[in-house]
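1. got a predicted model here, sequence first, then my questions.
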Amino acid sequence: MEAEHDLSPPTGGTSAAADAVASLLSSARELPEDIRDTLERVATDLRRTEGELGSVVARYRALVEQIPAIVYIDVADDSMATTYVSPQIETLLGITPEEYTSDPHLWTRHLHPEDRDRALEEYVRGRESGEPFTYEYRLIAEDGHIVWVRDSATTVRAADGTAAFIHGVMLDVTDAREAEEHAAFVSYHDHLTGLPNRAMFEEYLDLAIARARRADDAVAVMMIDVDDFKLVNDSLGHEAGDALIAELAVRLREATRDTDLVSRQGGDEFLLLLADLEKTTASGMPNATDGGTLIAESVATRIHEALRAPFELGETEVYVTASIGIALFPQHAADATQLLRDADTAMYRSKQMAPGGYSIYADGAQDMLGKLSLSTRLRKAVENQNWELHYQPIVDLVEGSMKGVEALIRWNDPNGGLVPPGEFIPLAEEMGLIEAIGDWVVNELARQGAAWRAEGLELELSFNLSPRQLWQPEVGNRITERIEAANIDPRRILVEITETAAMTDPDRTLRVLRDLRARGLRVALDDFGTGYSSLSRLRDLPVDVLKVDRSFVRDVSSQPANGSMVQAIVQLAHALGMTPLAEGIETQDDWLFLVERGCRLGQGYFFSRPVVAEDIMARHRRSAIALVEPA
Ligand code: C2E
Ligand code: MG
Ligand code: MG
């Protein structure tokens, strides 16, 4: 049996026959001439046939062993023994043909566990059918990697019609299989997050609804929409937006069970499918919330919790909320299309009423418009740039003239009038919105400064930098770019940072301030006296102006303690080569006291409250007239 399937050159067979004839010829010399001739011809023919067969076998062997496929011959019985396998088996599985043919269970053992039963079944069925058969399965190579194989085999029958051998060819189709799987994956998945896409979601939803109908269960669909996503895109760029979406996908997956389907529907919208939910309540009370709704609500809460921690986008931390709409089958809708529409409606309602929350679909209850949360209003303000800059004059206390202005931001909130910075700057910092706001401030100040100059008013322009902006990597660059674009001399700009911010990380502050100064900008230490500067730190800080905090300036003239403090700070500033500036001068007595103590600059309600830009211009015109007119 073996010899028939060994494709190596024959060693027995024809050459043995030729040798037998030759020995017959030599031993029987007395044979009649004609028989002898015949025998000699037979011997010659046999030798030729042997040669020809040898070359045919060699040609077959070359063919079989060089094609990029594995040829095998199995015995067609339950032993499944392999009598021949071409050497390519070694490339495919890392097993030599000798190992393969010596162990009839080797193939079975290398079958992928998930494909084993099916492949064995198909092999036996194919063998029994007698028809050529083709099937695909995975094999695990010796080194553990998985190969996909397309196996095409035919049963070869013996003369009596019984199955004798199985001749087969195995092709490595791993690449094709992977490409196919990838294509299927791509058409059903979102490439940014790797989550199932809308198409896949809808297929699953249809199945889930069909199942729920049969089992009298419920299905919940949740539409999750990021609040003010556009803002992140606009202020931080599309890459940051993409990074946020990808991270959101991870958090949504983590906040849900493996059996829940999270899908990205596009943009900043996600869909969540909760299937096989209990329709009835455990209590069985007629008006009690049903089990499905309860689960959906608890998932919504989990999602909100998962979004609570800030998202790290490069150097920036962003706080994100999402509004969620919930709709259930069969409570709200009878089919997938309607269910999706209801979830969408509920999501919009949630956004209108209380962004960052969730709402369950309810017919006809769409007219309730609640008050927007502060954080949502603030995001909207950033989006619409609902800001105003007011300017407070900085006065030369000796001459009484306006040297400059400090820009102070106000939020023009459609719901609540002008909101002072103390009420929204801390929240904006926490929400990661301060960079966008700060950029607006510098832009607007530069624009206004250029407009004033065009009207003949050259002022020193101060603005406040929040601690977070101070740690922005490119803060100096961002400021100078805008200042230079407006053609403003950086030496006219005074960047104010609070003493507290400066001392949080003095080494870092030192580097930032040096950078600002190297760009020609000037620096003021704001609210001085409220932080905890050590004198040695203060000495090293490259600061031009020391702004004495309002709390010390108030009632300097009448409160001896305040008076001595202010005097000490003014002297300290001089000693360090800085210019003292008193904030919050409210009375003439305060003013005179400060002048006497050598404080040359100040600001406060006594001179002017922060006012709009036109008022600064009007004030300038008045003082110009006052100078021309005789006193
Ligand atoms: P600040 O930089 O110390 O600004 C001075 C604050 O004192 C201003 O309050 C101003 O209106 C107020 N003020 C001036 N003179 C007097 C006075 O005589 N009496 C009294 N009682 N108050 C006076 P405002 O505008 O409410 O600003 C508060 C703080 O908000 C500012 O303190 C500053 O730290 C911050 N801020 C203002 N604008 C911005 C901004 O554009 N960006 C950042 N990051 N912070 C800002
Ligand atoms: Mg200030
Ligand atoms: Mg201040």
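-> Done, it's in. Ligands and ions are numbered 1, 2, ... in the order given.
2. now do V611, the pLDDT please.
-> Model confidence at V611, given as pLDDT, is 96.
3. these two touch, right, it and L389?
-> No - with contact defined as Cβ atoms under 8 Å, V611 does not reach L389; the gap is 10.5 Å. C-beta here means a position set from N, CA and C on the backbone, and glycine is covered the same way.
4. which one's more surrounded, those two?
-> L389 (20 against 16; other Cβ atoms under 10 Å).
5. the closest residue to ligand 1 within the stretch 51-200 of the chain: what's it in contact with?
-> The minimum distance from the stretch 51-200 of the chain to ligand 1, using Cβ to the nearest ligand atom, falls at L192 (33.8 Å). Applying Cβ atoms under 8 Å, 6 or more residues apart in numbering, we find L192 in contact with D242, I245, A246, A249, R264.
6. all helices for the stretch 501-631 of the chain, in order.
-> 506-518, 535-540, 550-553, 560-575, 588-596, 613-628 (DSSP state H, counting those that start in this stretch).
7. deepest of those helices, which one?
-> Each of the helices of the stretch 501-631 of the chain was assessed for mean neighbour count using mean count of other Cβ atoms under 10 Å. The highest is helix 550-553, with a mean of 21.
8. with only the CA atoms kept, save it in CSV.
-> Output of helix 550-553 as CSV, limited to C-alpha atoms (Å, rounded to 0.1, in the frame of the first residue of the first chain):
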residue,chain,number,x,y,z
ARG,A,550,-7.3,96.0,47.8
SER,A,551,-7.7,94.6,51.3
PHE,A,552,-4.6,96.5,52.5
VAL,A,553,-5.4,99.7,50.6
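9. distance of the closest residue to ligand 3 within the stretch 51-200 of the chain relative to H238?
-> Here the stretch 51-200 of the chain gets closest to ligand 3 at one residue, L192, 44.6 Å apart by Cβ to the ion. Distance, L192 to H238, by Cβ to Cβ, to the nearest Å: 11 Å.
10. identify the residue nearest whatever residue of the stretch 301-450 of the chain ends up closest to ligand 3 in space, chain neighbours excluded?
-> Closest to ligand 3 within the stretch 301-450 of the chain is E406: 8.4 Å, counting by Cβ to the ion. The shortest distance from E406 to any non-neighbouring residue, by Cβ to Cβ, 6 or more residues apart in numbering, is to S462 (4.2 Å).
11. A strand includes that neighbour, no?
-> Yes - residue state for S462 (DSSP: H, G, I helix; E, B strand; the rest coil) corresponds to a strand.
12. pairing partners for it in the sheet, please.
-> E406, L494 (DSSP bridges).
13. separation between it and M402?
-> For S462, the distance to M402 - Cβ to Cβ - is 12 Å.
14. hey, what's in contact with both of these two?
-> With Cβ under 8 Å, 6+ apart, S462 and M402 have common neighbours I394.
15. looking at those two, which is more packed in?
-> Neighbour count, other Cβ under 10 Å: between S462 and M402, S462 has more, with 26 against 21.
16. does that one touch D526 like I think?
-> No - S462 lies out of contact with D526 (Cβ under 8 Å); the separation is 9.0 Å.
17. sorry, back to before: Three-state assignment for the residue of the stretch 51-200 of the chain closest to ligand 3, please.
-> L192 is classified as coil under three-state DSSP.
18. F593 reaches V556, doesn't it?
-> Yes - counting by Cβ under 8 Å, V556 is a contact partner of F593 at 4.9 Å.
19. ok, back up a step: where does the residue of the stretch 51-200 of the chain closest to ligand 1 fall, phi/psi-wise?
-> For L192, the backbone dihedrals are phi -70, psi -40 (criterion: degrees, to the nearest 10).
20. if I look at it, how far off is E247?
-> Applying Cβ to Cβ to L192 and E247 gives a distance of 11 Å.
21. A309 too?
-> 10 Å.
22. interface residues of the protein facing ligand 1?
-> 392, 408-409, 420-422, 425, 441, 463-464, 466, 496, 526-527, 550, 583-586, 603-605, 610 (Cβ under 6 Å from any ligand atom).
23. quick check: the residue of the stretch 51-200 of the chain closest to ligand 3 vs R157, distance?
-> Taken as Cβ to Cβ, the span from L192 to R157 is 57 Å.
24. try G584
-> In terms of Cβ to Cβ, G584 sits 108 Å off from R157.
25. contacts for stretch 333-348 next, please.
-> Counting by Cβ under 8 Å, 6+ apart, residues outside stretch 333-348 touching it are 202, 205-206, 209, 219, 221-225, 271, 323-329, 332, 359-362, 366.
26. restricted to strands, list the residues you listed.
-> Those of those mapping onto strands are 219, 221-225, 271, 323-329, 359-360, per DSSP state E.
27. just the buried residues of those residues.
-> Neighbour-count burial (16 or more other Cβ atoms under 10 Å) is assigned, among the ones in strands among the contacts of stretch 333-348, to 219, 221-225, 271, 323-329, 359-360.
28. of those, which ones also sit close to ligand 2?
-> By Cβ under 5 Å from the ion, no member of these lies near ligand 2.
29. which one of the residues you listed is nearest to D290?
-> L328 (7.9 Å; Cβ to Cβ).
30. so that closest one touches T293, yeah?
-> Yes - shown here, L328 and T293 form a contact pair, counting by Cβ under 8 Å, at 6.3 Å.
31. joint contacts of those two?
-> A220, I360.
32. and whatever helix or strand R59 lives in, how far from the chain's centre?
-> R59 is located in helix 33-66, with elements delineated by DSSP states H and E. Distance, stretch centre to chain centre, for helix 33-66: 72 Å (Cα atoms, centre = their mean, to the nearest Å).
33. helices or strands next to it in the packing?
-> With contacts taken as 3 or more Cβ pairs under 8 Å, 6 or more residues apart in numbering; DSSP states H and E, helix 33-66 sits against helix 14-27.
34. show me what the helix it packs on is in contact with.
-> Residues contacting helix 14-27 (Cβ under 8 Å, 6+ apart): L31, R36, L39, E40, V42, A43, L46, R47, T49, E50, L53.
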